[in-house]
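Enquirer: Here is a sequence together with a model predicted from it:
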Amino acid sequence: MMFFKIRKRYLFYALALASSAIASISAGMDVIAIRKYGEVYEEAPLLYGFSVFLVGFIITLLFCLILSIPCKGRSLGSLLDPAFKHLRFVRREEIAYHLLAGFGNAITTTGYFFVLTVMPDPSTVLPFYQTVILYLLLVEVIAEKNAPTLIEIQSSAIVTSGAILGSLSFKGEIDLSALAIVFLVVNPGWVLLSIYQRKLKLLKMKGEPNDSLNIRFWNILFSLAFMIIIMLILGQFLKKPLLAMGIESSMNFFWLVSIVATLAFFSYIFHIRALGIGKASVTQAVKATTIVFAIPVTFILSLFIPIPFPTTPTLWLTRSIGFILVILGIISFAITQVRAYIFIRAAPGVRVAKLIEEIWKIKGVDSVSAVSGTYDVIARVTTRTLLKGYERIVKRLESIPGIKEFRWNSILKEWENV
């Protein structure tokens, strides 16, 4: 099977941008679908959310089975992710991550559909999502026990400010109820989904990298399970058979939801692969380009459903400034990330296995390998800035008594099969 090589940094941006573009189209289809649901069902956001997971599970299962077919020694799915071999059972070490990611996916999706019923314009709704970058940066700071650098704070502030400006409706208003749902429901759920999908992508399965297709399949299955629980609980509270209504609506609108599920499948596959290359907050920063892709989607939607457009040049200018700020924030994030290989020589008498355990504990270390030759260990590290690399990694290496010497070599270019 033929593959071409691409620099890893370019692959990251290609995957993240492709995910954003597809997600924007999917958002446009969501608007159409939820309006169709609203014409029949009063509980449209809940029922459509359930249908997305139920039909999405069926579509994802079919795709994964087809992509598991071998072709010239590899699976068809390796065209999407070189690490994919075939659909497999979930493993014990994955379950906790899948539970958290599935719960996050269930609540963020439900909240998103509620927002769409209030604001049926993707170019207005999608920018709200980009404020999640502040949540992701905060979580990473807590997890890494390291304060963010000034450039990280500046980049996050720029992207967030641009997203808020870009989220102005064509009437020049910001819906406070929608904003509350995004900040209290959607964004926390998206943080859980992003953080734990990234952990799953970085998780080694029997010494080999995890693949995005299996991650997506099990995520949507766990998400569906949580959605069923939500429907049962709310059904008891509202005194309505919501679960039965959800199954009925899924059958009635199967083909429409199938289109959305297909778009979501490819969008999430690309997003998960990008998460395996870059930090969750950096990936989200690039994904903020959805607010740019959403503009042509909104124009096309306006041909089918009534969507008001800006009535004054000031509104056009304000939203344009928001889009520009998002792009500037993304560029700021992109140019600061540093990757490197560290070549380490062990002190005489030190067990290499024990030394590897100590190095692996350092935040920012992606992989550690014992090698033969001049050096004993090679570590691969990722850090957002050289300053952080020195403070967090170099100082820690200097404090390990089993290390005789080490050399830091920054990665200038890196390629990967696609």
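Expert: Now that the structure is in, tell me what you want to look at. Numbers count the residues shown, from 1 in each chain.
Enquirer: Return the distance of the host helix or strand of I25 from the chain's centre.
Expert: In this structure, I25 sits in helix 8-40 according to DSSP states H and E. Offset of helix 8-40 from its chain centre (Cα atoms, centre = their mean, to the nearest Å): 13 Å.
Enquirer: For that helix, name the packing helices and strands.
Expert: With contacts taken as 3 or more Cβ pairs under 8 Å, 6 or more residues apart in numbering; DSSP states H and E, helix 8-40 sits against helix 44-67, helix 92-118, helix 122-129, helix 242-252, helix 254-275, helix 280-287, helix 290-301, strand 415-417. (Each C-beta comes from the backbone N, C-alpha and C, glycine too.)
Enquirer: To V186, which of the ones you listed lies closest?
Expert: helix 92-118 (4.1 Å; Cβ to Cβ).
Enquirer: helices and strands around the closest one, which ones?
Expert: helix 8-40, helix 44-67, helix 122-129, helix 176-181, helix 187-202, helix 212-238.
Enquirer: again, only this time at 6 Å
Expert: helix 44-67, helix 176-181, helix 187-202, helix 212-238 (3 or more Cβ pairs under 6 Å, 6 or more residues apart in numbering; DSSP states H and E).
Enquirer: Mind putting those helices into CSV with mean pLDDT, mean neighbour count and distance to S369?
Expert: Shown next, in CSV, are those (pLDDT from 0 to 100; neighbours: other Cβ atoms under 10 Å; distance: least, Cβ to Cβ, whole Å):
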stretch, mean pLDDT, mean neighbour count, distance to S369
helix 44-67, 91, 22, 30
helix 176-181, 70, 15, 46
helix 187-202, 84, 22, 16
helix 212-238, 91, 20, 24
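Enquirer: can you put those helices in a markdown table and add distance to V31?
Expert: Below are these laid out as a markdown table (distance: least, Cβ to Cβ, whole Å):
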| stretch | distance to V31 |
| --- | --- |
| helix 44-67 | 11 |
| helix 176-181 | 14 |
| helix 187-202 | 19 |
| helix 212-238 | 20 |
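Enquirer: Determine which of the ones you listed approaches I34 most closely.
Expert: helix 44-67 (5.1 Å).
Enquirer: Looking at the helices and strands packed on helix 92-118, which is nearest to I277?
Expert: Nearest of the helices and strands packed on helix 92-118 (Cβ to Cβ): helix 187-202, 8.7 Å.
Enquirer: Determine how far the closest one lies from the middle of the whole chain.
Expert: So, by Cα atoms, centre = their mean, the centroid of helix 187-202 is 7 Å from its chain's centroid.
Enquirer: From the chain's centroid, how far away is the next helix or strand after it?
Expert: Scanning forward in sequence from helix 187-202 by DSSP H and E, the next helix or strand is strand 204-205. Mean-position distance between strand 204-205 and its chain equals 20 Å (Cα atoms, centre = their mean).
Enquirer: And the helix or strand immediately after strand 204-205 in the chain, what does it pack against?
Expert: Next along the chain after strand 204-205, taking DSSP H and E as the criterion, comes strand 208-209. Here strand 208-209 touches no other helix or strand, going by 3+ Cβ pairs under 6 Å, 6+ apart.
Enquirer: Give me the residues contacting strand 208-209.
Expert: A83 (Cβ atoms under 6 Å, 6 or more residues apart in numbering).
Enquirer: partners of that strand, with directions?
Expert: Sheet pairing of strand 208-209 (DSSP bridges) gives strand 204-205 (antiparallel).
Enquirer: Could you pull up the mean pLDDT of the strand it pairs with?
Expert: The average pLDDT within strand 204-205 is 74.
Enquirer: so where's the stretch 301-418 of the chain shaky on pLDDT?
Expert: Along the stretch 301-418 of the chain, the model assigns pLDDT under 70 to residues 301-316, 319, 323, 330-331, 333-337, 384-391, 413-418.
Enquirer: how does it look with 90?
Expert: Applying pLDDT under 90 to the stretch 301-418 of the chain picks out residues 301-341, 346-376, 379-418.
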